[in-house]
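Asker: Make a model of this:
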Amino acid sequence: MSLKKQFIKTKPVVKVTFSIDAKDADSAAVVGDFNNWDASEGALSKLKNGTFKATYDLVKDAIYEFKYLIDGNYVNDPEADFYKWNDFAGSENGVVVV
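Answerer: Numbers count the residues shown, from 1 in each chain. The predicted model follows:
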């Protein structure tokens, strides 16, 4: 799993690349505050090596909770900046700070 950030000096956004190794999975998405927890807006593309990956522009100077949705199961990213308890989900969510 990987979380990469590319800060754009000329724009108030950060390009954040979400990727997760899920060779046996049929589908994966990243869901979070930045896409209203909507898997259709966070679909990840499967690469030949079995990694799912996509890059999204997130407004900088913000904190976002997120999780991966892999074949219907929620998974945290071990490389998240930190984790935050979410009462609605009844579990911790990964957090990315941009």
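Asker: Report the secondary structure state of the residue nearest the centre of the chain.
Answerer: Nearest to the mean C-alpha position of the chain, by Cα atoms, centre = their mean, lies V30 at 4.2 Å. Here V30 is strand, with the state taken from DSSP: H, G, I helix; E, B strand; the rest coil.
Asker: Need the pLDDT of it.
Answerer: Confidence at V30, expressed as pLDDT, is 97.
Asker: which residues touch it?
Answerer: 18, 42, 44, 54, 56, 66-69 (Cβ atoms under 8 Å, 6 or more residues apart in numbering). (Glycine included, C-beta is placed from N, CA and C.)
Asker: could you flag which of those are buried?
Answerer: Neighbour-count burial (16 or more other Cβ atoms under 10 Å) is assigned, among the contacts of V30, to 18, 42, 44, 56, 66-69.
Asker: and of those, the nearest to A89?
Answerer: Closest approach between those and A89, by Cβ to Cβ: K67, at 8.0 Å.
Asker: give the contact list for the closest one.
Answerer: Going by Cβ under 8 Å, 6+ apart, K67 touches 30-32, 74-77, 93-94.
Asker: and it, bridged to which residues?
Answerer: V31 (DSSP bridges).
Asker: could you say what helices and strands the helix or strand of the chain with the lowest mean pLDDT packs with?
Answerer: The helix or strand of the chain with the lowest confidence, counting by mean pLDDT, DSSP states H and E, is strand 2-7 at a mean of 92. If you count contacts as 3 or more Cβ pairs under 8 Å, 6 or more residues apart in numbering; DSSP states H and E, strand 2-7 packs onto strand 13-21.
Asker: Paired strands for the strand it packs on, with orientation please.
Answerer: Sheet partners assigned to strand 13-21 using DSSP bridges are listed as strand 2-7 (antiparallel), strand 51-59 (antiparallel).
Asker: okay if I get those strands as CSV plus distance to D87?
Answerer: Listed next are the strands paired with strand 13-21 as CSV, based on distance: least, Cβ to Cβ, whole Å:
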stretch, distance to D87
strand 2-7, 24
strand 51-59, 24
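Asker: for those strands, which one sits closest to D26?
Answerer: Closest of these to D26 is strand 51-59, at 10.3 Å (criterion: Cβ to Cβ).
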